[in-house]
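Asker: coords please:
(one chain, ligands or ions: 1)
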Amino acid sequence: MGVKATTNIYGIFGHPVKHSLSPDMHNSAFNTLGLNSVYVAFDIAPDNIEEATRAIRVMGIKGINITIPHKQTIIPFLDEVSPDAKLTGAVNTVKNDNGKLWGFNTDVGGFLRAIREDLDFSPAGNTLFLIGAGGAARAVLSAFCMNDGAVVYIADIIQAKAIELANQFKANFHNITIETVSLEDQNILEQKFGEADILVNASPAGMDGVGSHDIPLASLNKNAVVYDLVYKPPNTKLLNDSKELGHKASGGLTMLLYQGAESFEIWTVERAPVEIMKKALGY
Ligand code: NAP
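Answerer: Below is the predicted model of the structure:
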């Protein structure tokens, strides 16, 4: 379907954003359902997020996905934030409801569906070792805290960030143990890796052109599973090394798919054509 004067506009705000697979995924879904809509990528520098958010209203953009580095900083400029996104402290989906901007977080549901489907894993009663303390890590932590996870260890290259994240979640969730671990302390890392049921990378380490981890993977509990949120490249060093050590391991494409499907359904109130979206991601 061609773009017309009446075409609805959706898109993504990120910086950088040219690597994004979301336009392929959502435009395939719009075309398949015959919706008069188009999805484009907007490169928004960090200082421009307030202005860009105002433009959603001014230009009548129907919906926007939010990615690095805006998931937390956009929140003050929205009219309403869903309870889950508020608890998570990050928004990845904005819906323009007749000029009222609503924030949601579909990374949480996307992560849960991905670990269930790819790894046959759910948080209840389990121990998570989480690498990274940014926007995506918040979604993983939320998914664990809201679904009866037992213990979470968090490590970030900036330990103060991990401590801040842990403190925020400890204040809201009292039945889960949340501790931070220094990436500098190999002994403690080895001990905590031995306790983990799932290791999740929610840092950019392993992305094209970004360095990989210096972590004691061999200390990981033999039955632990590994989920790497990075989806480009699809086979990171973490995934390859984990599989070589005999762990069930999966990359971030399935989470990308399901967070996108959930956003699509919030915007259009149509059932997302998941198989078409999957194909567009190059599965
Ligand atoms: P972010 O907000 O920048 O947070 C990443 C955090 O990890 C930052 O605190 C960063 O520190 C830290 N970090 C960087 N390298 C590290 C390392 N080697 N070890 C430990 N911590 C490290 O980014 P994000 O939005 O959370 O995204 C993180 C990753 O998840 C990206 O690769 C993104 O593409 C992926 N992601 C995937 C999905 C999906 O659907 N599969 C969804 C969301 C995000 P600095 O600030 O100092 O760099």
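Asker: show residues contacting stretch 24-34.
Answerer: Stretch 24-34 has contacts (Cβ atoms under 8 Å, 6 or more residues apart in numbering) with 1, 10, 37-39, 256-257, 260, 264, 268, 270, 272-273, 276-277, 279-281. Every C-beta, even on glycine, is put in place using the N, C-alpha and C of the backbone.
Asker: one more time with 10 Å
Answerer: 1, 7-8, 10-12, 35-40, 63, 65, 256-257, 260-261, 263-264, 267-268, 270-282 (Cβ atoms under 10 Å, 6 or more residues apart in numbering).
Asker: could you find the closest non-adjacent residue to Lys170?
Answerer: Ile178 (5.2 Å; Cβ to Cβ, 6 or more residues apart in numbering).
Asker: what packs against the one helix or strand the one you found maps to?
Answerer: Element membership for Ile178 (DSSP states H and E) is strand 177-180. Where contact means 3 or more Cβ pairs under 10 Å, 6 or more residues apart in numbering; DSSP states H and E, strand 177-180 is packed against strand 127-131, helix 135-145, strand 151-155, helix 159-172.
Asker: right, and these - which one's nearest the ligand?
Answerer: helix 135-145 (3.2 Å; Cβ to the nearest ligand atom).
Asker: in terms of secondary structure, what does the closest one contact?
Answerer: Using 3+ Cβ pairs under 10 Å, 6+ apart, helix 135-145 sits against helix 83-88, helix 107-119, strand 127-131, strand 151-155, helix 159-172, strand 177-180, strand 198-201, helix 253-268.
Asker: run through the stretch 101-250 of the chain and note the low-pLDDT ranges.
Answerer: Filtered on pLDDT under 70, the stretch 101-250 of the chain yields no residues whatsoever.
Asker: okay, and Ser250 sits in which element?
Answerer: Ser250 belongs to strand 249-251, assigned by DSSP H and E.
Asker: ugh, wrong one, Gly103
Answerer: strand 100-104.
Asker: just Ile9 next, same as before
Answerer: Using DSSP H and E, Ile9 falls in strand 8-14.
Asker: how about the residues of the stretch 151-283 of the chain near the ligand?
Answerer: 156-158, 161, 202-205, 207, 213, 229-231, 252, 255-256, 259 (Cβ under 6 Å from any ligand atom).
Asker: filter those residues down to the buried ones.
Answerer: Neighbour-count burial (16 or more other Cβ atoms under 10 Å) applied to those gives 156, 161, 202-205, 207, 213, 229-231, 252, 255-256, 259.
Asker: of these, closest to Ser242?
Answerer: Relative to Ser242, the closest of these is His213; by Cβ to Cβ it sits at 11.0 Å.
Asker: I'd say Gly91 and Ile49 touch.
Answerer: To be clear, residue 91 is Val; Gly isn't right here. No: between Val91 and Ile49 there is no contact, the gap being 11.2 Å when judged by Cβ atoms under 10 Å.
Asker: got the angle for the strand holding Gly103 vs helix 253-268?
Answerer: Interaxial angle of strand 100-104 relative to helix 253-268 (axes from the mean of the first three to the mean of the last three Cα atoms, to 10 degrees): 160 degrees.
Asker: could I get strand 100-104 in CSV with only the CA atoms?
Answerer: This file holds the C-alpha atoms of strand 100-104, laid out as CSV (Å, rounded to 0.1, in the frame of the first residue of the first chain):
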residue,chain,number,x,y,z
LYS,A,100,-2.7,12.3,25.1
LEU,A,101,0.6,10.4,25.2
TRP,A,102,0.6,7.1,27.0
GLY,A,103,3.8,5.2,27.9
PHE,A,104,4.1,1.4,28.1
